[in-house]
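> give me a model of this one.
(4 chains)
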Number of protein chains: 2
Amino acid sequence: MHHSLPPLSALRAFEATARLGSVTAAADELSVTHGAVSRQLKSLDEHFGVALFTKAGRGLVLTHHGERLQSGVGDAFAKLRYSCTLLKHEVEEAPFTLACPGSLLARWLIPRLDRLNQALPELKLQVVVSDSEQPGTPSDASATLAFSAPPWPSDVEVIELIPEEICAVLSPRLAEACDASHPASLFTNKLLYTASRPQAWPQWAAAQGLETAALEKALKQVQGFAHLYYLMEAAVAGLGVAIAPRLLVEDDLKSGRLLAPWGSIETPARLCLWLPKHTNARRSESLATWLREELKG
Amino acid sequence: MHHSLPPLSALRAFEATARLGSVTAAADELSVTHGAVSRQLKSLDEHFGVALFTKAGRGLVLTHHGERLQSGVGDAFAKLRYSCTLLKHEVEEAPFTLACPGSLLARWLIPRLDRLNQALPELKLQVVVSDSEQPGTPSDASATLAFSAPPWPSDVEVIELIPEEICAVLSPRLAEACDASHPASLFTNKLLYTASRPQAWPQWAAAQGLETAALEKALKQVQGFAHLYYLMEAAVAGLGVAIAPRLLVEDDLKSGRLLAPWGSIETPARLCLWLPKHTNARRSESLATWLREELKG
DNA sequence: AGCACCTGTGAGTTTTACGCAACTATTGAA
DNA sequence: TTCAATAGTTGCGTAAAACTCACAGGTGCT
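Residues are numbered from 1 along each chain as shown, chains lettered A, B, ... in the order given. Okay, the predicted model is just below:
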């Protein structure tokens, strides 16, 4: 089999010209000048060694050979167009499912979901709760939004959005009894934590320059929660002091339901968008762009 | 319908890679480097926004989307290849019929037909006699070889090969009675002519600087023939003096069967290859090249 | 570990296609 | 007949696409 196909761009020009019956019309469809199409047709004539079109008055008509060629090439291009548009639709019409831990979902994403859908309607976004806080497990989601610290596994692509900031938060009533200039004063309260973030309190204490001993003593009076979401609800309810990602308590701080008297500190973790291999890169990219923009404001 | 096809060269690279299961093999088939194919595949990934291939060990395998695309695109390219090779075969396998007046055919072309067929076997040459000496009538032949003088009609392409030379020829026996230095001496013989070339004798006489009166007198003793071929046979047989294209009597002059004591003169006519519109340009070109080469020697 | 084999990528180069504009040819109307 | 309008062709300079080369990185076999 000698697969010596003619130049494909010439074939495309031929197909369009034959179908539309005019060089100018074909050029219009292909978004080029009629001169460009004319050249392609000439090159095809030379390839086959025969004229495919012949002049008929002001326009062109197919020769015998041209008709024979068009009968097959027209079908082939129709199939090509069909297959490509089909795949494109499959890719673009499929809903984009974004997985997300419950806390992040409830406290940050859901309040912004309406605007996100309006900004990127072509995503047909669907959100699902990812049960584990760590997005390592490959799910059937198109992407996973979560906080996590490097290093990341190599079999997924990770788009970093912003550094994680954490802060110690508590209800205004509890805050009255504390001294904002002395971080250690919060140790008079019960320390709230979640199993998924055992390193949160030591991290915070170290960043504040507190002695390990003071922390260890305080850790005797703690309350654990299964999920970050419950932890924050508990903090709002005044059960104690919690360490929370600043992003998730931003709204509560603004409304005054929570206070963060000792500021916030950056951690090695990042808010990331995890992409399984072979996911739709363009849609993920547009989502990431929107998220970055949203996080900036 | 938005016909936004991806770049066709990228589709071709995809099709070949999917069919052969390897970038390197596809590159080999397409006569490019594997790097070139790799780029094309990447551009296609970006066009659709999804990966079409995924790495599997040392090679690649199609993703789900890739398979869907290949099922249609493979067929489309197969059809494209089929249609193009079909047309090419139609064009190249069809016998090339060369029309030619009987005299030229018998006295010049047929003796060279073997070598011509050996030199250009792909022409699958067939020769036919064109009944009229003038090739003006459009026949179903691929080309017509004949002597003719400009101007030529505009609806056919005419390739000029060599100027026509004519000479007065007669048998050696008749020549004895003539004086080579006095052209008028031939008028003692019977003048042979054909209806298709009524201007031959006046032309010759004028070129030799003979008086019109002498010619007119001689023209009273003439013998006509329907075809140039018979005319020349008659000259060989010693029936009289004939005007013949030098090309057609070359062999007879060499063998001594005919003499041309008064040399030859050029006429406005040319030996031409007439091509109807839309004939196979490449094959006609190769035939013309061979003819020119042959006429030179 | 070493080697053979396969694919991906950055840099520079060649090839191709294109736009522009001028030219030819045909048609239909003034 | 002349004139304007429509269509296709072509020379020339430029812009973009595709390619080669060389190297990097990964995989599987011995």
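
> grab the nearest non-local neighbour of residue A:171.
residue A:238 (3.9 Å; C-beta to C-beta, 6 or more residues apart in numbering or on different chains). Bear in mind the C-beta positions are built from the backbone N, C-alpha and C, glycine included.

> that neighbour: what secondary structure?
What DSSP: H, G, I helix; E, B strand; the rest coil gives for residue A:238 is coil.

> that one contacts residue A:176, correct?
No. Taking contacts as C-beta atoms under 8 Å, residue A:238 lies outside contact range of residue A:176: 11.1 Å.

> now residue A:17: how far from residue A:27?
In this view, residue A:17 and residue A:27 are 9 Å apart by C-beta to C-beta, to the nearest Å.

> scratch that, residue A:218 is what I was asking about
Distance from residue A:218 to residue A:27, counting by C-beta to C-beta: 78 Å.

> returning to what we had before: now for the residue nearest to residue A:171, how many residues are close by?
Counted with other C-beta atoms under 10 Å in any protein chain shown, residues neighbouring residue A:238 total 14.

> now the one 3 residues further on
Neighbourhood size, residue A:241 [other C-beta under 10 Å]: 26.

> where does pLDDT dip in chain A?
Within chain A, the stretches with pLDDT under 70 are A:1-3, A:132-139, A:154-155.

> could you pull out the helices in chain A for me?
Under the criterion DSSP state H, chain A contains helices at A:8-20, A:23-30, A:34-48, A:64-93, A:102-104, A:110-119, A:172-175, A:200-207, A:212-218, A:228-236, A:246-255, A:281-296.

> and the third one, anywhere near DNA strand D?
In this case it means helix A:34-48. Yes. Counting by C-beta under 7 Å from any atom of the strand, contacts between helix A:34-48 and DNA strand D involve A:34, A:35, A:38, A:39, A:41, A:42.

> what residues of that helix count as buried?
Buried positions in helix A:34-48, judged by neighbour count with 16 or more other C-beta atoms under 10 Å in any protein chain shown: A:34, A:36, A:37, A:38, A:40, A:41, A:44, A:45, A:47, A:48.

> with the fourth one instead?
Applying a neighbour-count criterion of 16+ other C-beta under 10 Å, the buried positions in helix A:64-93 are A:65-66, A:68-70, A:72-77, A:79-81, A:83-84, A:87-88, A:91-92.

> what's the answer for the last one, then?
Buried residues in helix A:281-296, counting neighbours by 16+ other C-beta under 10 Å, are found at A:281, A:282, A:283, A:284, A:286, A:287, A:288, A:290, A:291.

> now do the same contact list for the closest residue to residue A:262 other than its chain neighbours.
Nearest residue to residue A:262, sequence neighbours excluded (C-beta to C-beta, 6+ apart): residue A:183, at 4.9 Å. Residue A:183 makes contact with A:168, A:205, A:208, A:209, A:210, A:262, according to C-beta atoms under 8 Å, 6 or more residues apart in numbering or on different chains.

> need the residues of the stretch 51-200 of chain A near DNA strand C, please.
Within reach of DNA strand C by C-beta under 7 Å from any atom of the strand, the stretch 51-200 of chain A has these residues: A:55, A:57, A:58.

> quick one: the second one from DNA strand D, how far?
Spelled out, it's residue A:57. Between residue A:57 and DNA strand D the computed distance is 8 Å (C-beta to the nearest atom of the strand, to the nearest Å).

> same thing with residue A:129?
32 Å.

> what about the residue nearest to that residue when sequence neighbours are not counted, how many residues nearby?
Leaving aside its sequence neighbours, residue A:129 sits nearest to residue A:102 (C-beta to C-beta, 6+ apart; 5.0 Å). Look at residue A:102: counted by other C-beta under 10 Å, it has 15 neighbours.

> doesn't residue A:226 make contact with residue A:102?
No. Under the criterion of C-beta under 8 Å, residue A:102 makes no contact with residue A:226, lying 10.2 Å away.

> which residues do these two both contact?
Residues touching both residue A:102 and residue A:226 (C-beta under 8 Å, 6+ apart): none.

> one step back: who's in contact with the residue nearest to residue A:171?
Here residue A:238 is in contact with A:170, A:171, A:173, A:174 (C-beta under 8 Å, 6+ apart).

> and the nearest residue to residue A:68 once chain neighbours are set aside, how close does it get to residue A:56?
Distance criterion C-beta to C-beta, 6+ apart; nearest residue to residue A:68, sequence neighbours excluded, is residue B:87 at 5.8 Å. Counting by C-beta to C-beta, the separation of residue B:87 from residue A:56 is 21 Å.

> returning to that earlier point: what's the separation between the residue nearest to residue A:171 and DNA strand C?
Counting by C-beta to the nearest atom of the strand, the gap from residue A:238 to DNA strand C is 53 Å.

> number of residues surrounding residue A:151?
Other residues near residue A:151 come to 6 when the count uses other C-beta under 10 Å.

> then residue A:198?
Residue A:198: 11 neighbours (other C-beta under 10 Å).

> re the thing from before, ok, the residue nearest to residue A:129 - contacts?
Applying C-beta under 8 Å, 6+ apart, we find residue A:102 in contact with A:129, A:227, A:228, A:229.

> wait, isn't the third one in contact with residue A:194?
This means residue A:228. Yes. Using C-beta under 8 Å, residue A:228 and residue A:194 qualify as a contacting pair, with a distance of 5.3 Å.

> quick revisit: of the contacts of residue A:102, select the buried ones using a ChimeraX command.
In ChimeraX, a selection of the buried entries from the contacts of residue A:102 looks like this (16+ other C-beta under 10 Å):
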select /A:227,228,229
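
> can I get stretch A:47-56 in PDB, CA atoms only?
Output in PDB follows, covering the C-alpha atoms of stretch A:47-56 (Å, rounded to 0.1, in the frame of the first residue of the first chain):
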ATOM      1  CA  HIS A  47      -0.900  16.100  -8.000                       C
ATOM      2  CA  PHE A  48      -3.300  14.000 -10.000                       C
ATOM      3  CA  GLY A  49      -2.100  15.200 -13.300                       C
ATOM      4  CA  VAL A  50      -5.600  16.100 -14.500                       C
ATOM      5  CA  ALA A  51      -7.900  19.000 -14.200                       C
ATOM      6  CA  LEU A  52     -10.600  18.500 -11.500                       C
ATOM      7  CA  PHE A  53     -12.500  21.700 -12.400                       C
ATOM      8  CA  THR A  54     -13.100  23.400 -15.700                       C
ATOM      9  CA  LYS A  55     -14.200  26.900 -16.300                       C
ATOM     10  CA  ALA A  56     -17.900  27.400 -17.000                       C
END
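
> near chain B at all, that stretch?
Yes. Using C-beta under 8 Å from any C-beta of the partner chain, stretch A:47-56 reaches chain B at A:48, A:49, A:50, A:51, A:54.

> is it possible to export those residues to TSV including distance to residue A:115?
Output for the residues of stretch A:47-56 next to chain B, formatted as TSV (distance: C-beta to C-beta, whole Å):
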residue	distance to residue A:115
A:48	57
A:49	62
A:50	61
A:51	60
A:54	60
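
> for PyMOL, what selects the buried ones among those?
Here is the PyMOL command that selects the buried residues among the residues of stretch A:47-56 next to chain B (16+ other C-beta under 10 Å):
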select buried, chain A and resi 48+49+50+51
